[in-house]
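K.L.:
Give me coordinates for this.
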Amino acid sequence: MAPSRKSRREKEKPETPVAWKLPMDLLREIIARSNHRTLIRCAATCNLLRREILSPPFDPRVTEAAPCILTNLCTDVKKPLALVHPTTPAAMTFCHKHLPRLLSRNVGILLANYKPVSSRRGLVVLRRLNIEKRPKSDRCSELCVYDPMSGAQTFFSDPPEIRISQYYDPKYVVLTAADVIDGSFLLLVFDLHRYGIRVHTASPCGTWGPVRYESKHDTLWMSPRKRGDPAILSHGAIHWVSDYHEQIRSYDLCTRKQGSVKLPPSNCDVEHDGNQLYLATSSDGKLLKLLTIQGFMMYVWLQVPGGSGWSLETVIDMEEKLRSLDPRVTGGPDKRIEFEGSGKRTGEVVFLVEVHKQRYTDVYSDTLIVFDLEAMKMHRQKRGLLLLEIDLPSRLKNMKTFS
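P.N.:
Numbers count the residues shown, from 1 in each chain. A predicted model of the protein is given here:
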């Protein structure tokens, strides 16, 4: 008797392939030898694989393959990023080939209507352009907290009770989940008008909370340093260098109190040479670090634990490195080197600018000098719209898994 068609089909049916399971140590080695895009996709596959990638034995490989980089955010959709530091082949490949695919496509459109006013840990605070031309009834999206990596946008109206114009803009500070806050971010606005301070806060839901702190007729808040972002310690204390009284002013987010710290003994005239000081934090974020420039010498001060004083950590002679970039660099009363800011919160990478004093004004160089204090290397960099710090290891810890 001939076999039936059904039995023949069952015999001809291919066997189900056996699913291979690779040992985790072998899988880690494969991921470590892959490119940046594969590393990100593997970390987003499942929590178990992400924990293995972020484990201490594997962590140095993550930092090497996907380092913390500093880039300039641009309005060009095709080239939204320009690498600033580090200028290694791995960082250049990651910045120019892999990161643009992750950035949202609305970068150019958003930056055409807003200007960046602050950034921290990959988040950007944007301020709408030409605010005075818009009727007050339409001013419901004057501020925006923007995440270029995910494309997330949270819009806010102007803070209540603050009069903002083209001649006056308050200080903006954004804190992230890596700081001492609950939620994805917290936006703080420091109103330093009328010789005092008023602190407003906004939550990720797009609403403003009540005024956290207000102090009137306090001349110490009259003029915090205009360049660079404030130094923020790990417990939520925000610090600025004041142009007057040779002090550092602070506001503690947890205790809602203000304070002051005396500057270390240096020859800098804070009132006239305030841009020759830069305030940062220690590597663990628990202590303040102050960098000062006198001529071609840079002094690095670290706050003594307990806040009782300062200790001089190191002195750096920059003259030879500056002359290697431009042999025409000379010192003197008509030329000086100033801080333009820093790419990293710990002050490991600082930006310098050459200033030429003319009869009635100061002329600043069109390019910046990027100085890596750890590697003791310098290079020139064009000015950008906004400096963006992308810490991919931190991003991997907080990213969502694929559904």
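
K.L.:
Shouldn't Pro327 be within a helix?
P.N.:
No: going by DSSP: H, G, I helix; E, B strand; the rest coil, the assignment for Pro327 is coil, not a helix.

K.L.:
how many other residues sit next to it?
P.N.:
8 (other C-beta atoms under 10 Å). C-beta: built from backbone N, CA, C; applies to glycine.

K.L.:
try Arg328
P.N.:
8.

K.L.:
Which residues does stretch 346-361 contact?
P.N.:
70, 85, 278, 280-283, 285, 289, 291, 293, 300, 329, 333-343, 362-365, 368-374, 381 (C-beta atoms under 8 Å, 6 or more residues apart in numbering).

K.L.:
Buried ones only from the residues you listed, please, as a PyMOL command.
P.N.:
The buried subset of the contacts of stretch 346-361, as determined by 16 or more other C-beta atoms under 10 Å, is captured in PyMOL by this line:
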select buried, resi 70+85+278+280+281+282+285+289+291+293+300+329+336+337+338+339+340+342+343+365+368+369+370+371+372+373+381
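
K.L.:
Could you list the low-pLDDT ranges of the stretch 251-400 of the chain?
P.N.:
266-275, 330-333, 342-344, 393-400 (pLDDT under 70).

K.L.:
Let me see the ranges of the helices in it.
P.N.:
319-325, 392-398 (DSSP state H, counting those that start in this stretch).

K.L.:
Go through the first one and flag the buried ones.
P.N.:
By neighbour count, with 16+ other C-beta under 10 Å as the criterion, the buried positions of helix 319-325 are Lys321, Leu322.

K.L.:
What helices and strands are in contact with it?
P.N.:
strand 367-372, strand 377-382 (3 or more C-beta pairs under 8 Å, 6 or more residues apart in numbering; DSSP states H and E).

K.L.:
could you dump those strands to TSV with distance to Leu187?
P.N.:
Below are those laid out as TSV (distance: least, C-beta to C-beta, whole Å):
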stretch	distance to Leu187
strand 367-372	27
strand 377-382	29
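
K.L.:
Quick check: which of the ones you listed is nearest to His98?
P.N.:
strand 377-382 (21.1 Å; C-beta to C-beta).

K.L.:
Now do the buried residues in that closest one.
P.N.:
Buried, per 16+ other C-beta under 10 Å, within strand 377-382: Gln381.

K.L.:
From the contact counts, what lies against that strand?
P.N.:
Counting by 3+ C-beta pairs under 8 Å, 6+ apart, strand 377-382 packs on helix 319-325, strand 367-372.

K.L.:
Could you rerun that using 10 Å?
P.N.:
For strand 377-382, the elements it packs on are strand 68-73, strand 81-85, helix 319-325, strand 349-357, strand 367-372, judged by 3 or more C-beta pairs under 10 Å, 6 or more residues apart in numbering; DSSP states H and E.

K.L.:
Nearest to Phe185, out of the ones you listed?
P.N.:
strand 68-73 (17.4 Å).

K.L.:
So which of the contacts of stretch 346-361 are in strands?
P.N.:
70, 85, 278, 280-281, 289, 291, 293, 300, 335-342, 362-364, 368-372, 381 (DSSP state E).

K.L.:
Give me the neighbour count for Val349.
P.N.:
Based on other C-beta under 10 Å, the number of other residues close to Val349 is 20.

K.L.:
next one: Glu161
P.N.:
Glu161: 11 neighbours (other C-beta under 10 Å).

K.L.:
Quick check: it vs Arg249, distance?
P.N.:
According to C-beta to C-beta, to the nearest Å, Glu161 stands 21 Å off from Arg249.

K.L.:
on that earlier part again, can you check which of the helices and strands packed on strand 377-382 gets nearest to Leu39?
P.N.:
Short answer: strand 68-73, nearest of these by C-beta to C-beta, at 14.3 Å.

K.L.:
in that closest one, what's buried?
P.N.:
For strand 68-73, by 16+ other C-beta under 10 Å, it's Cys68, Ile69, Leu70, Thr71, Asn72, Leu73.

K.L.:
Rebuild those as CSV, extending it with distance to Arg121.
P.N.:
Listed next are the buried residues of strand 68-73 as CSV, based on distance: C-beta to C-beta, whole Å:
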residue, distance to Arg121
Cys68, 10
Ile69, 13
Leu70, 12
Thr71, 14
Asn72, 17
Leu73, 14
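
K.L.:
roughly how far apart are Leu81 and Leu287?
P.N.:
32 Å.

K.L.:
Would you mind telling me which of these two has the busier surroundings?
P.N.:
Higher neighbour count among Leu81 and Leu287: Leu81, with 22 against 18, using other C-beta under 10 Å.

K.L.:
what's the pLDDT at the closest residue in space to that one that isn't next to it in sequence?
P.N.:
Distances taken as C-beta to C-beta, 6 or more residues apart in numbering put Thr71 closest to Leu81, at 4.4 Å, once the chain neighbours are dropped. Per-residue confidence (pLDDT) for Thr71: 86.

K.L.:
Verify the stated contact: Leu385 with Leu73.
P.N.:
Yes: here Leu385 reaches Leu73: they are 5.8 Å apart, a contact under C-beta atoms under 10 Å.

K.L.:
Now list whatever residues contact both of these two.
P.N.:
Residues touching both Leu385 and Leu73 (C-beta atoms under 10 Å, 6 or more residues apart in numbering) are Ala82, Leu111, Pro116.

K.L.:
Looking at those, which one is closest to Glu389?
P.N.:
For the shared contacts of Leu385 and Leu73, the nearest to Glu389 is Pro116 (12.9 Å; C-beta to C-beta).

K.L.:
Who are the contact partners of the residue lying closest to Leu290 once chain neighbours are set aside?
P.N.:
Leaving aside its chain neighbours, Leu290 sits nearest to Trp301 (4.4 Å; criterion: C-beta to C-beta, 6+ apart). Residues in contact with Trp301 (C-beta under 10 Å, 6+ apart) are 263-266, 277, 288-292, 309-314.

K.L.:
So what sits opposite Ala202 in the bridge?
P.N.:
Leu187, Trp208 (DSSP bridges).

K.L.:
Alright, that wraps it up for me.
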